[in-house]
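[1] Sequence and predicted model, in that order:
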Amino acid sequence: MDNFEKKYGIIENEETKNYHLNRRMWCIINNQLYIADSNLSYSHAVWFEKQGWISGDNDEAMNKAVRGNIENGNIYFYSGYDFIINKDIESIFFQYLKQLVNQLSLSSDAEVYGGFEKDAEGKLVPIKFFGNVKELIRNIRK
């Protein structure tokens with residue numbers, strides 16, 4: 001058990017570790033995009049702690065950073081332990097979308113989702129679908 005399971009409300013069991021292994025984490029901290037290594041079996045909180053951005057005593061960067069993951073070729077973004085989105089989070093994310101797509105060589109058909117909430121079974125599901133990368137980048141340029 002890591003220091004952050006209570007705050008996430010997610011137990012880091014084998015199923016959760018497999019989920020982490022099958023995604024690629026990224027975040028925007030201090031106006032810079034960071035992309036985690038592939039095949040990591042842990043959460044953003046553990047990654048942030050390993051990077052020195054947070055500690056067990058001070059983890060406010062988890063609620064300030066825009067972060068997300070790439071899963072099945074699609075992009076997911078959010079902020080905080082509650083996986084929220086709002087206009088400010090969206091604005092920050094879309095400033096870095098093209099850079100994220102280019103650095104990870106993502107498909108222009110990749111779909112973009114914001115936020116997560118738990119469904120009736122307790123599974124995290126996206127809150128909002130924004131469109132595909134090609135459409136979104138075209139609209140950002142306008």
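    Alright, I've got the coordinates.
[2] which residues does the closest residue in space to Y42 that isn't next to it in sequence contact?
    Once flanking residues are discounted, Y42 sits nearest to H20: 5.8 Å by CB to CB, 6 or more residues apart in numbering. Glycine gets a C-beta too; all of them are placed from N, C-alpha and C. Applying CB atoms under 8 Å, 6 or more residues apart in numbering, we find H20 in contact with 40-43.
[3] Just the buried positions in stretch 37-54, please.
    Buried residues in stretch 37-54, counted by 16 or more other CB atoms under 10 Å: 40, 42-49, 53-54.
[4] Taking these, tell me the two that lie furthest apart.
    Across those, no pair lies farther apart than L40 and I54, at 16.0 Å, counting by CB to CB.
[5] Relative to R138, which of the buried residues of stretch 37-54 is nearest.
    H44 (29.3 Å).
[6] Need phi/psi at the residue lying closest to K64 once chain neighbours are set aside.
    With sequence-adjacent residues excluded and distances taken as CB to CB, 6+ apart, K64 is closest to S79, at 7.3 Å. Backbone geometry at S79, expressed as degrees, to the nearest 10, gives phi -150, psi 150.
[7] and S79, how far is that from S107?
    Distance, S79 to S107, by CB to CB, to the nearest Å: 25 Å.
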